[in-house]
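Asker: I need the structure of the sequence given here:
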Amino acid sequence: MARADLEAGRLIALSSVSVRLGHPYCAFMPPAKVDRADVAGLVELLSRAAPATCGKAGAPR
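Answerer: Residues are numbered from 1 along each chain as shown. Reported below is the predicted structural model:
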């Protein structure tokens, strides 16, 4: 899904490990930042967008 963005340098791979998740978005963050308003806002935005892009009723958390 992100191969073109990785190759163009718009995204960077944080690891050489690749995992198929079955949904378009995944958020990784340190536990201490979960309750920050900006981080929570981004996770909420992605959670609302995921059903529209993958046809599921909700995004896993």
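Asker: separation between the residue of the chain positioned farthest from its centre and residue 2?
Answerer: Relative to the centre of the chain, the most outlying C-alpha is that of residue 8, 18.9 Å out, by C-alpha atoms, centre = their mean. Look at residue 8 and residue 2: by C-beta to C-beta, to the nearest Å, they are 10 Å apart. Where you see a C-beta, it was placed from the backbone N, CA and C, and this is true even at glycine.
Asker: now swap in residue 38 and tell me
Answerer: Between residue 38 and residue 2 the computed distance is 22 Å (C-beta to C-beta).
Asker: about what we covered before: dihedrals phi and psi, the residue farthest from the centre of the chain?
Answerer: Taking degrees, to the nearest 10, you get phi -80, psi -10 for the backbone angles of residue 8.
Asker: pLDDT value on it, please?
Answerer: With respect to pLDDT, residue 8 scores 91.
Asker: Does residue 39 lie in a helix or a strand, and which?
Answerer: When elements are assigned from DSSP states H and E, residue 39 belongs to helix 37-54.
Asker: any idea how far that helix is from the chain center?
Answerer: 8 Å (C-alpha atoms, centre = their mean, to the nearest Å).
Asker: Quick one: mean pLDDT for that helix?
Answerer: 78.
Asker: Only alpha carbons, please: show it as PDB.
Answerer: Extracted C-alpha coordinates of helix 37-54, given in PDB (Å, rounded to 0.1, in the frame of the first residue of the first chain):
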ATOM      1  CA  ALA A  37      -4.800  15.100  23.100                       C
ATOM      2  CA  ASP A  38      -2.900  15.400  19.800                       C
ATOM      3  CA  VAL A  39      -2.000  11.600  19.700                       C
ATOM      4  CA  ALA A  40      -5.600  10.700  20.700                       C
ATOM      5  CA  GLY A  41      -6.900  13.000  18.000                       C
ATOM      6  CA  LEU A  42      -4.800  11.300  15.300                       C
ATOM      7  CA  VAL A  43      -5.800   7.800  16.400                       C
ATOM      8  CA  GLU A  44      -9.500   8.900  16.400                       C
ATOM      9  CA  LEU A  45      -9.100  10.300  12.900                       C
ATOM     10  CA  LEU A  46      -7.500   7.100  11.600                       C
ATOM     11  CA  SER A  47     -10.100   5.000  13.400                       C
ATOM     12  CA  ARG A  48     -13.000   6.900  11.700                       C
ATOM     13  CA  ALA A  49     -11.200   6.800   8.300                       C
ATOM     14  CA  ALA A  50     -10.400   3.100   8.400                       C
ATOM     15  CA  PRO A  51     -14.000   1.800   8.000                       C
ATOM     16  CA  ALA A  52     -14.500   4.100   5.000                       C
ATOM     17  CA  THR A  53     -11.300   2.800   3.300                       C
ATOM     18  CA  CYS A  54     -11.600  -0.900   4.100                       C
END
